[in-house]
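Trainee: here is a sequence together with a model predicted from it:
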Amino acid sequence: MSDSATTSAATAVAVRVMEGTDLEQVLAIELASFPTPWPRSAFELAIAAPDLLSVVACSDRVLGYLVGCPDVNDLLIANVAVHPRARRDGLGRRLIDQAVDHARELNLDGCKLDVRMSNECAQRLYDRLGFEPHGIRRGYYQHPAEDALHMRLRLAR
């Protein structure tokens with residue numbers, strides 16, 4: 001994917017339900033984004049589970065995805081990533097907005113997520129979207145070992 005193709009595609013991006021035919025592209029983004037990527041089976045389960053939110057941001061190809069799970073009173077954003085060449089085009093914001101809308105539809109109190117302490121770029125995005133630090137999860141990540149910042153967005157009712 002060329003940089004110019006990514007930029008032009010980002011302007012015509014749709015967010016839709018993730019399908020099995022998206023998995024190869026989702027897995028490629030997952031592998032490029034995380035040192036310990038989710039396996040194909042995790043995404044297959046997310047697609048098949050009716051209570052999970054599994055969406056992709058796409059134009060002519062998948063540029064990002066999000067998997068969310070209702071968890072007691074909040075929607076847990078379990079996984080979110082954008083293709084490295086499509087980052088900083090607002091796709092992460094659009095995916096998070098989709099999760100927030102879904103949480104509202106389910107009448108949940110908020111959204112929550114965990115992010116590597118070293119991922120300052122993602123933390124800044126979440127902060128701009130209204131997420132607040134809600135604790136540190138020691139040793140949460142492996143390969144490499146790292147703490148997670150637990151963040152939460154409280155939804156107004």
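Mentor: Yep, that arrived. The structure displayed is predicted, hence computed values, not measured ones. Residues are numbered from 1 along each chain as shown.
Trainee: and after the worst-scoring helix or strand of the chain on mean pLDDT, which helix or strand comes next?
Mentor: Confidence across the helices and strands of the chain bottoms out at helix 3-10, with a mean of 44, counting by mean pLDDT, DSSP states H and E. Per DSSP states H and E, the first helix or strand lying C-terminal to helix 3-10 is strand 14-17.
Trainee: who does that following strand pair up with?
Mentor: Strand 14-17 has the following strand partners under DSSP bridges: strand 53-58 (antiparallel).
Trainee: after the partner strand, next one along is what?
Mentor: strand 62-71.
Trainee: thought Arg93 was touching Leu129?
Mentor: Yes - assessed by Cβ atoms under 8 Å, Arg93 is found in contact with Leu129 at 6.7 Å. (C-beta placed from N, C-alpha, C; glycine too.)
Trainee: chain center to the longest helix seen in the chain, what's the gap?
Mentor: What stands out as the longest helix in the chain, according to DSSP state H, is helix 91-105. Mean-position distance between helix 91-105 and its chain equals 9 Å (Cα atoms, centre = their mean, to the nearest Å).
Trainee: do the same with stretch 138-157
Mentor: 13 Å.
Trainee: just checking, Asp147 touches Arg138?
Mentor: Yes - using Cβ under 8 Å as the test, Asp147 is close enough to Arg138 to be in contact (5.4 Å).
Trainee: more neighbours, those two?
Mentor: With neighbours defined as other Cβ atoms under 10 Å, Asp147 and Arg138 compare such that Asp147 has more, 15 against 9.
Trainee: so the more buried one, which of the three states?
Mentor: strand (DSSP: H, G, I helix; E, B strand; the rest coil).
Trainee: any idea how far it lies from Val80?
Mentor: Asp147 sits at a distance of 19 Å from Val80 (criterion: Cβ to Cβ, to the nearest Å).
Trainee: again with Gly64
Mentor: 7 Å.
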